[in-house]
Each structure stands twice: as structure tokens, then as C-alpha cells.
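A.B. asks: Got a sequence here, can you build the structure:
(2 chains)
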There are 2 protein chains.
Amino acid sequence: MPADSTIIVNGEDRKNAILFESLPERSKHEDFIRRAVDLLVERVVFGRANRSSKVVEWTSPEDIKKAIDLKPQDGPASHDELLAFMADIARYSVNTAHPYFVNQLFSSVDPYGLIGQWLTDALNPSVYTFEVSPVFTLMEEEILREMRAIVGWSDVEGDGIFCPGGSIANGYAISCARYYFYPEIKSKGCYAVPNLVVFTSELAHYSTRKMATFMGIGSENCIAVKADEFGKMDIEDLERKINESIEAGSTPFIVTATAGTTVFGAFDPIVPIANLCKKYNLWLHVDAAWGGGALMSKKHRHLLNGIELADSVTWNPHKLLAAPQQCSTFLTRHKHILEEGHSSNATYLFQKDKFYDTSYDTGDKHIQCGRRADVLKFWFMWKAKGTKGFEQHIDKLFDNATFFLEHIRHREGFRLILEKPECTNIMFWYVPKCLRGCENEPTYYERLHKVAPKLKERMIKEGTMMVTYQPQGNLVNFFRIVFQNSALDHKDMVYFANEFERLGSDITV
Amino acid sequence: MPADSTIIVNGEDRKNAILFESLPERSKHEDFIRRAVDLLVERVVFGRANRSSKVVEWTSPEDIKKAIDLKPQDGPASHDELLAFMADIARYSVNTAHPYFVNQLFSSVDPYGLIGQWLTDALNPSVYTFEVSPVFTLMEEEILREMRAIVGWSDVEGDGIFCPGGSIANGYAISCARYYFYPEIKSKGCYAVPNLVVFTSELAHYSTRKMATFMGIGSENCIAVKADEFGKMDIEDLERKINESIEAGSTPFIVTATAGTTVFGAFDPIVPIANLCKKYNLWLHVDAAWGGGALMSKKHRHLLNGIELADSVTWNPHKLLAAPQQCSTFLTRHKHILEEGHSSNATYLFQKDKFYDTSYDTGDKHIQCGRRADVLKFWFMWKAKGTKGFEQHIDKLFDNATFFLEHIRHREGFRLILEKPECTNIMFWYVPKCLRGCENEPTYYERLHKVAPKLKERMIKEGTMMVTYQPQGNLVNFFRIVFQNSALDHKDMVYFANEFERLGSDITV
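C.D. replies: The predicted structure follows:
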């Protein structure tokens, strides 16, 4: 035993141990953290969420590489250099906290969500055992139970998990459904089960197909059901395709309905889909990643009528409820299926001879091992706003969306894609002066298709707002504006429309 | 058009828009953020990383539920209540920043990593397109390129991604390998390809088997290769099992070697495994989630000799390099395989008619859609320390591990499991007085098995350190102490050993 091993002879002397800390090093770090936090709070948090700042300081990839020295070096950067890097990273990053960032299905930086996230980071947990993550484990349990109650599964206990994004949550649905009908999949693989097929709308998010591919099912076995003119799944086509696939020798096992499609914000009719699932003995998954937040509004939850008939649900609080990135959940009415379908009982982590109730060690039902705690930011927002606060938030978003829709419905230069969109996505063509009145010309749509990219380029280069566009099916490029930030009001809605006019009216195509 | 739409007639008037902000609301938020940040910095960050604080304030699940009101309410909590919640959450959470938290393959909260993470949160990005995440996209590209160079793939360009944990990174390896040999898997699924089998060591992390199961291959088709007495993959057994599976009609396609096994920290012999992969035309994946950091040390990178022969590598900077949770990468020498194997070309997100070079829109090679930016915290640490700083960090960890090993090698009450462990995991039995000299009694190991849970219970209830234990194969419960925090020094090594003695010597079993 080395001589110095006697310095600390028992736990009582632990106070001495602090002497071992390198104090100059520590005070250097403390000084840096204080300066960095000042910069974060003043310049990044407070400096960016107001309307007078730019949404984006457009810079080409080449110029960003010139402005920020991205390559790591052999030696350390000084604290001043690090602070300058922070300022530059913020400067050239898109300001997703800005009220006029309405480009994706996420936006804004909620102050309570941010603090919840910062606290999570400072605690740096990985959520697999109660031993290592006691508070986060119980918090996840509580929030997931609350969310299941909101879904409406009052008759069963159910289960749920936080996932790294809605795509992987939709993958869990496939995995649970496959295990439910064919538990031998777990040990024997696809080879021991029939040729399984998945059904989802042609307008569903691409993740169901992508995950089916990743999981060995194959994209061709993910069958696209037609959507009607409103973007909702066509029930007759679903039943037709189920029968066709059975006749072709395949085995249907899951239907993924969408509650809030990515582009149109359409809600598939859950009740008739559930009836078909019952008739054909299929798992019903509802991808409510986008629309799930509407469940918290008495006024709007009817959009998801029948969701309580589902076997499982994807619901991302980071979308309509504006929690920070990422906060995604997979919920199921089947209490044991996540554990049974995914557990591998690693003895190095999930020891059963611990002194506490190891049913709190919930990590084995995940496909991840180490895992971030995505619950606290959402829990903290929920505490800060209350359930009523979320309801008011949702109602405000829908009110803004309706106002914007009515504002542009008859305004010159705007043509609605959907007359009655269901969620807070509003889709429209912006028609510049050169195309007005040309609707009957043969090249009209070909020319209209070119407007959105041109207008978007101007928009980004000026940085006054960010709104996305896309084609869909036979529809040429159109804009989709998305509302999830309840700090916006009717005047902002008018601002958006005016900006389209200002940026786009003189575009020539 | 509503009357008020004329308030803002063009972008020039954007300054007016700030008037629309609810100023009292804003100042209320600002006040809360300042108070919350003070609490975070003073009490959580500075208050927890020193040796005089406890590693854990053990509290049962029931008592935590009593101490923190976890259930969301209808109405909002006050700011004072929210601050009290923050303090309680920190109090009852395990202090993973503590120098004596050596329980998992992650530990410590690096000050630069934390600031990088907080900046990421304040910018709230989702990394799928350059348009939305310009800086993060370029930063990922740069860091992944740098990591590939360190792996040693100087002859090819390669590719890489950040993943939500090493488990999913190991899943990407299976996915890439499967697509490489059988591209028809993408559209047709498992049904169109032979009965594929995966090989990995019996001591490999459970994720390879778990992901193979999730991906439709099945746990029985993930074949466990024997490990030798040092925990390294037995090459002869690998070749034997490859041949056996071929004879049984299966099709081997990937070997996952481990560089730093979870429990023993053993490094599989990559060069002979690579030779077998060449001989049998198999994809070689190296799971260096744990040991990858050693590549940054001239002194220790020999442990991973031959890694440049791999087709792909998992490397988690949140482990040996002590980046915050989570920071995991999947790297491959095959430039196009991630894109080709996983892309789905969703037109709503990956529009090809954007005004910039859309090869920068890298999201489609992931199975996730929305995705956190896990790069900045690591990039920021790398800038702050330099490559040399990481090298010194790694060398210090190995030095501490060696010191601890030699310290307990001949110390009474300690019995090493491995005489010469390769990584910074040190495995040992702690033998209380009642069992010393009883090695030849028939119930010795049965009794020894009960020591670790009892000692762990005392350890956690006193909160003086956290060290994990587990059984493995024929070995009854033993402790595994893991070093990733280079703020520790030799005196801390002695502290750990003394604590085992203090807590455990009088245990009776």
C-alpha cells in the first residue's frame, strides 16, 4: 500500500479531499462559466426572441466556413476565443426562437422549457435505472401516465417511453405490433413469420416507411393508402388494399393512422379505421406526433376522436406544445409489450439483487441503452403553465391559423390549397403579379411551381421570416405556414401576408 | 382584408412589430430566467462537482414522490415554486458531476461541454437541412471528418452521423452491412434475402443483439462468439461459428468486434478478425463506443490496432472523452451507404430546387427526422482543450486506472478479476473480513456473491461514492470501477479503496 493511502482513513475525512482540487483551475472554469452564461442569457436568449431581430442571417456554406474556424486544433483556444465562437455560432444559426420562424413543425424557445433543459444538462443524467436517475425515472412515469389519461385509456394501465424523435416512436409501434402478433420474431427474426405488411396514408410522414425499411420489412411492404381531397385517409381504399394484400399472400398486421399530417395537417378518421382494424385483427397506431397537442384543448380534441381506440400513439410535445427539441413519446395501452418485446436482461446494468424495487429500472424496454432525459423540460413547462395554460396555448394557435386563413382567403395574390385545413398548417400558393389572371394558360402551373423557390430565396436573404414550401402529388410548389408559437397574434398574421406581398409581388417566372 | 392589416405595410415597418410584444410578460420571463440561471450556476454547477458534496442523497421512490409533487396541475405554479422544484430535483438526482460517481461508462460534467450544450439548447435546432441548421450541419461534417481521420481512413472519404446513443449506432452498422450486400432489402425486406446472421462476442454490449432483434434479424441469429480469459473475442471460435452457420444454411454478413467491452474493457483483436472478414466477405464493424477515446492518445491507441480495417465504427465521445450526454457517432469508410441505404427523398423537406447546394441537406441518411444537435458540446470541448488536451485527459485516466489496480493488487480485502485489464475499468471482488481465508470453503462464492449488493446499499445510503457491480458468466458479483474523469488523481484512487474498506470490511454474509 502506498504511503499516502493513509491520508484519508475513513469517510469522516472526506472534507480533506476538497484540498485535492486544483483551485486555480477551478476558479478559471468558474470565471469562464459566468462570462459564457452572461453571453447566453443576454445575447442569445433575450437578444433573439424579439421581432426586431432577423430570423436568419443568410450566409453560404463557404462563407460560414470562412467566418468560423470549424476545424479542431492541437492546442487549446483561449476563453476569449471561445466566447467569440459562441457569438458567431449564434449569429450564423437560424433563429428558431424568432416569432417569424414558422418553417417547420417546431418553433420558439419557451423560457420554462429552456430552463428545464438547462437543468437537465447540468445534472447530465442517463435514464436507465432508478439508481442512477431516480427523479427522472419517476417523472417520466408520471408524465407518461398523464399523457395516456389524456389520450383516453382510462380502462387500462398501459405503458410509454420517451424516444429520440417521432420517427423512432413510429418504429416502436411497428415493433410492438409485430411482437404482439408474432412473439417468435424476437428470437427467430422475420424468417419465422409471414410476409408482413404495414398500411399508412400516402400523405403520412415518411418515417413509417423508413422505419419499416430499417426493421427489415421493406418499403414495398409499407403500403400507401390513398388520401382524399382533404388529405385524410380513404377508408375504402384501406379496406381494398388490405384485401388485395391478403389475396397476394401477404399478412397485414398494423395500420398507422395520422393525426395531423406533416404538410396538410389532416386528421385521418380514426373511428372507421379502428373498426377496420378490429375486423381484420390489426394493430392500430396513431401517429399524433404533430396533432397530439390538440388533445389538451376541449375545443379541438374532437379532431382526434377515437384515439382511445388505438393500440399505440406517437405524440411529440416538442411540436404543437412547443417543448424544446426533442421531446417525443410513444404511448401504448398494452402494459407489458415494450418490456417483453425489447428486453434483453443485461446483468451488468439491470441487476435484480439491488436493495430497492427494481421494477423502477425501466431502461430495458428501450432500444437505446444510455438515454437523455427529455422529460424535465416538458414537465417544467407543464408545472409553469398548468394544463389550462397548454389549453390556452393550443386555442390561441388555432385562432391565429383561422385568422390567417380568412385574411388570405380573398386577398389578391393568395390562393388556398385547402379551403378548410384542420390543424394550424395553412397551405397556399402565392401568385405574383405576372401570373394573376393567367390561370387558364397552359404553362400557368409550370410557372407557378417556380415562384416558391424564388420567393423563399428572397425571404431567407432578407431574413424577415421563414416559411417552407413543397410540392405534393399533383400540386406544384406551395407554401405551408405553421403556427406553434402562441406569442403570435392577429397582427403577426397580417405581417406574414404583407411580407409575401412585399417579397413576391414583382417576381417574374 | 381586415382593417388592421394596414398597420404594417412592408418590411420597413418591422420595427413597429416589437410593440406587439407583451412587455410585462416578457419582463416576467426575464426575471425568472435570471433567477433560475443563478440557481443553476451557483447551486447546481458549482455546488455539486466538489468532493465535499454527496454523490447521492438516497431516497426511496415513495419518499421522492412525497418530496416532489410530480403530478401536473390545472393551474400554473409560481416562479418561487418553480425555483423550489429546481432545487429539489437537483437534490434528489444523482450527482453525476461528482468525482466519485464512477458507476457507469459516463461521468463528470465538463464545463466547456456544458456551455456547448446550453448554447445548443438556446438555439434549439433540429439538424436535417442546411437551411434550418447551417452551422450545426457544417460542424457535424467537420467533426465527423476529423474523427474518421483519427480512425485512420486516410484512403477514402467516408461518411458519418451523430446518433442517439451507441446502441442505435450499432444498429446502423447492421443496416449498412445488410444494404451493402443485399440492396434489395430496402424495398423487399428480409423476405427477399437469405437468413442473415450477425457475429459478436458473448461479452459485447447487448445492443447488437437488441438492435438485430428490432431490425427483424432475431436474437438467435445474433451469434455469440466465445471470449477468452481476458474478455477478448476468441478468433478460432469465430471462424468455427461462421462455418457452422454456413453449414446450417444461414448467411453471415457482419462481425461486430468490440474495442472496450462494457464490463471488462477488453479490446477484441481487430486485425485477425478483419482477416476473417476478408476471407468470408463480411462487413467488419468495430463497436468502440467505450474505447474509441483511446485513439486520441499516442500511448494507448495501439489497443485499437487495425481499426482502420473496419467498414464502420461506433465511437461515443460522451464516454471516455467525457462529453455531456449524449454524443454518439457512427462512422463508415463507405461514402454513400448511409444515404443510399436510408434515404426516402421526402419532397416536403428535402426540396431539390432550393437556391443553395442541397448536398448540404444531410438529414435523409438518418432514420430520425427531427434530430438534436449533439455536435456542438463536443466541438466546443475540442476547441477548449485541443487535441492535445484530449490526449492528456486519456493518458491521465489510464494512469489513474493503473495506480488503482496496483494499489489494490496486494491490498487485503481486494481480489482482482483481471490481472491486466486493458481499459480504465478495474474489476475486483471486495472480500469482507468474514470471508477472508475461506477461499476453499464450498459456500465461499455463494457468500461472496452477496457482498456486492450489501456493500452497494451502504455506499448509496451514505452517498460517499458510486461504483457498480455485476456478475458475469461464472463470476459471482464483483465491482467494476470506471475512470473517465481526469480531475481525479492518485489520492482519489486511495480514497476509493479506503471507502470499500470502511463500508465493507464488517459485512457478514
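A.B. asks: Which positions in the stretch 301-450 of chain A make contact with chain B?
C.D. replies: Contact residues, the stretch 301-450 of chain A versus chain B (Cβ under 8 Å from any Cβ of the partner chain): A:316, A:318, A:324-326, A:328, A:342, A:344, A:346-349, A:351, A:353-357, A:360, A:367-372, A:376, A:379-380, A:382-389, A:407, A:410-411, A:450. In short, each C-beta sits where N, CA and C put it, glycine included.
A.B. asks: Now the longest helix along chain A: buried residues?
C.D. replies: Longest helix in chain A by number of residues (criterion: DSSP state H): helix A:375-409. Going by neighbour count (16 or more other Cβ atoms under 10 Å in any protein chain shown), the buried part of helix A:375-409 is A:375-387, A:389-391, A:393-401, A:403-405, A:407-408.
A.B. asks: now swap in stretch A:410-430 and tell me
C.D. replies: If you call a residue buried by 16+ other Cβ under 10 Å, then stretch A:410-430 has these buried ones: A:411, A:413-418, A:421-430.
A.B. asks: quick one: average pLDDT of it?
C.D. replies: On average, the pLDDT along stretch A:410-430 is 97.
A.B. asks: where do the helices sit along the stretch 51-200 of chain A?
C.D. replies: A:61-67, A:79-92, A:111-123, A:134-151, A:166-181, A:185-188 (DSSP state H, counting those that start in this stretch).
A.B. asks: what angle separates the third one from helix B:111-123?
C.D. replies: With axes from the mean of the first three to the mean of the last three Cα atoms, to 10 degrees as the basis, helix A:111-123 and helix B:111-123 are set at 160 degrees to each other.
A.B. asks: List the neighbours of helix A:111-123 that are in contact with it.
C.D. replies: A:45, A:322-324, A:372-373, A:376-381, A:383-385, B:29, B:32-33, B:36-37, B:40, B:44-45, B:82, B:86, B:89-90, B:93, B:96-97, B:109, B:114, B:117-118, B:121-122, B:124, B:324 (Cβ atoms under 8 Å, 6 or more residues apart in numbering or on different chains).
A.B. asks: Now which of the residues you listed would you call buried?
C.D. replies: Buried by 16+ other Cβ under 10 Å: A:45, A:322-324, A:372-373, A:376-381, A:383-385, B:29, B:32-33, B:36-37, B:40, B:44-45, B:82, B:86, B:89-90, B:93, B:96-97, B:109, B:114, B:117-118, B:121-122, B:124, B:324, out of these.
A.B. asks: Spell out which residues make up each domain of chain A.
C.D. replies: Here the domain assignment for chain A is A:6-92, A:126-372, A:383-504, based on automatic domain parsing.
A.B. asks: Out of these, flag the one nearest B:Pro252.
C.D. replies: Relative to B:Pro252, the nearest member of the domains of chain A by Cβ to Cβ is domain A:126-372, separated by 14.2 Å.
A.B. asks: average pLDDT for the closest one?
C.D. replies: On average, domain A:126-372 scores 96.
A.B. asks: so which helix or strand takes in the nearest residue to A:Pro471 once chain neighbours are set aside?
C.D. replies: Among residues not flanking A:Pro471 along the chain, A:Asn477 sits closest, at 5.1 Å (Cβ to Cβ, 6 or more residues apart in numbering or on different chains). For A:Asn477, the element it lies in under DSSP states H and E is strand A:475-482.
A.B. asks: One more: A:Thr256?
C.D. replies: Taking DSSP H and E as the criterion, A:Thr256 maps to strand A:251-258.
A.B. asks: Just checking: what are the partner strands of that strand?
C.D. replies: Strand A:251-258 pairs in its sheet with strand A:196-201 (parallel), strand A:283-287 (parallel), by DSSP bridges.
A.B. asks: what's in contact with the first one?
C.D. replies: When you say that, I think you mean strand A:196-201. A:174, A:178, A:182, A:190, A:208-209, A:212, A:217, A:221-227, A:232-233, A:238, A:241-242, A:245, A:250-258, A:261, A:268, A:282, A:287.
A.B. asks: could you flag which of these are buried?
C.D. replies: Of these, these count as buried by 16+ other Cβ under 10 Å: A:174, A:178, A:182, A:190, A:208-209, A:212, A:217, A:221-225, A:227, A:232-233, A:238, A:241-242, A:245, A:250, A:252-258, A:261, A:268, A:282, A:287.
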